[in-house]
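Asker: structural data only, the sequence is not supplied:
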């Protein structure tokens, strides 16, 4: 599904990732662990094509996407749920979902109707269904996180990248999000999750620890 080989990333002259390699197979849950500043968010942003300047190989579904812009990676099936959620605060739950449903897929059409997609995300996150007319800014942090994940699912991804989906959220909602992600995994979706909450790591196929932008020995600094 996803193959990353010798990935390096820079913000200006400062190197943030060093020779990172990893694999996420079909239907696998891989968890990225590490302290704040270890490079977890940088890695996910590099994979979706946002943020830092990168060098290395990123292959998704057998196709090299290393030089692709973010929207093309999304159209191929890579979904990204950022840490800051990036919801349209003034729009309602339903409006946020419908905006995402209009995004094109790799083949220019969706395999499911918008109504079917809505039913699927409401089945995954039942708490959102009665909130359809509520504006995003009126939701709690946990509810916003559910909406952020649901909105990304409306683009029909085959793989999800999630940046700290359980951070700063009430324990009950953390369990709901964990259960939803595990349900997606059981349905065959691949997930790469940056998360320090052990509730997800306990169910992961693999746990990868990032330290100072690397997964192995001391980094060898490269010339950008």
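Answerer: Arrived safely. Only a predicted model underlies this, so the values are computations on that prediction, with no experimental measurement involved.

Asker: tell me if I'm right that residue 154 and residue 121 touch.
Answerer: Yes. Residue 154 lies in contact with residue 121 (Cβ atoms under 8 Å); the separation is 6.5 Å. From N, CA and C alone the C-beta is placed, and that goes for glycine too.

Asker: find the residues that touch each one of these two.
Answerer: The overlap between the contact sets of residue 154 and residue 121 (Cβ atoms under 8 Å, 6 or more residues apart in numbering) consists of residue 97.

Asker: now the strands for the chain?
Answerer: 2-11, 14-24, 29-33, 53-60, 63-64, 78-81, 159-163, 190-194, 206-209 (DSSP state E).

Asker: out of these, which is closest to residue 39?
Answerer: strand 14-24 (5.4 Å; Cβ to Cβ).

Asker: could you check how far residue 173 is from residue 46?
Answerer: 29 Å (Cβ to Cβ, to the nearest Å).

Asker: which residues of this structure score low on pLDDT?
Answerer: 102-112, 216-224 (pLDDT under 70).

Asker: biggest helix in it, by residue count?
Answerer: helix 171-186 (DSSP state H).

Asker: can you tell me the centre-most residue of this protein?
Answerer: residue 161 (2.0 Å; Cα atoms, centre = their mean).

Asker: follow-up on the earlier one: the more surrounded of residue 173 and residue 46?
Answerer: When neighbours are counted by other Cβ atoms under 10 Å, residue 173 and residue 46 differ, and residue 46 comes out ahead with 25 against 17.

Asker: what residues are up against the more buried one?
Answerer: 7, 9, 17, 52, 54, 58.

Asker: who does the first one bridge with?
Answerer: Right, the one you point to is residue 7. Beta bridges link residue 7 to residue 20, judged by DSSP bridges.

Asker: ok, now which ones touch it?
Answerer: Counting by Cβ under 8 Å, 6+ apart, residue 7 has contacts 17, 19, 20, 21, 43, 46, 54, 55, 56, 57, 58.

Asker: ok, the fifth one - how many residues close by?
Answerer: Same thing as residue 43. 28.

Asker: ditto for the third one
Answerer: By the other Cβ under 10 Å criterion, the neighbourhood of residue 20 contains 25 residues.

Asker: also the second one?
Answerer: For residue 19, the neighbour count with other Cβ under 10 Å is 18.

Asker: let me know whether it touches residue 210 as I believe.
Answerer: No. Here residue 19 does not reach residue 210: they are 11.9 Å apart, not a contact under Cβ under 8 Å.

Asker: separation between the closest residue to residue 208 other than its chain neighbours and residue 193?
Answerer: Nearest non-adjacent residue to residue 208, counting by Cβ to Cβ, 6 or more residues apart in numbering: residue 32, 5.4 Å away. Distance from residue 32 to residue 193, counting by Cβ to Cβ: 7 Å.

Asker: out of these two, which sits in the busier spot?
Answerer: Counted by other Cβ under 10 Å, residue 32 and residue 193 do not tie: residue 32 has more neighbours, with 29 against 25.

Asker: check contacts around the more buried one.
Answerer: 40, 43, 44, 192, 193, 194, 195, 208, 209, 210.

Asker: circling back to that earlier point, of the contacts of residue 46, select the buried ones using a ChimeraX command.
Answerer: Burial among the contacts of residue 46 is assessed by 16 or more other Cβ atoms under 10 Å; the matching ChimeraX selection reads:
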select :7,9,17,52,54,58
